[in-house]
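*Asks:* Test case, fold it:
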Amino acid sequence: MSILQLRLKNCIQTILELEPSICTTGTLGSHFANELHVLKGYLEQIDSMTLMEEDVQHLEAVTATFLAELKFIDISQPKRVLQ
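*Replies:* Presented below is the predicted three-dimensional model:
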């Protein structure tokens, strides 16, 4: 596995580690469930991908932006609905 593949794998794994918190966050979880499933598929294909430095840098930046945006949403606590 190349360094670029390892870096991409790290980005995807970082996002997937948040899956339990994201999926228990009401509508946020339902919006991201399919995308997280797609990311799992990409994770399995990384070994056969040919990557370019610029692409991996872009994906790292996108991952960092996504993580920064999640800080504004409290994904650590499931949303409670009064009944």
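*Asks:* how far away is I22 from Q57?
*Replies:* Taking C-beta to C-beta, to the nearest Å as the measure, I22 falls 24 Å from Q57. Glycine gets a C-beta too; all of them are placed from N, C-alpha and C.
*Asks:* so who does the residue sitting nearest the centre point of the chain touch?
*Replies:* The centre of the chain sits closest to I15, judged by C-alpha atoms, centre = their mean, with a distance of 2.6 Å. Going by C-beta atoms under 8 Å, 6 or more residues apart in numbering, I15 touches L36, L39, T63, F66, L67.
*Asks:* Hmm, T14 and the second one touching each other?
*Replies:* Which is L39. No - contact criterion C-beta atoms under 8 Å: L39 and T14 do not qualify, at 10.3 Å.
*Asks:* Find residues that contact each of those two.
*Replies:* Counting by C-beta under 8 Å, 6+ apart, nothing touches both L39 and T14.
*Asks:* Over to Y42: give its phi and psi.
*Replies:* For Y42, the backbone dihedrals (degrees, to the nearest 10) come out as phi -60, psi -40.
*Asks:* Let me know how buried it is, in neighbour terms.
*Replies:* Using other C-beta atoms under 10 Å, Y42 has 13 neighbouring residues.
*Asks:* now swap in A68 and tell me
*Replies:* Neighbourhood size, A68 [other C-beta under 10 Å]: 9.
*Asks:* Equivalent analysis for I12, please.
*Replies:* So I12, with other C-beta under 10 Å, has 19 neighbours.
*Asks:* Appreciated, that's everything.
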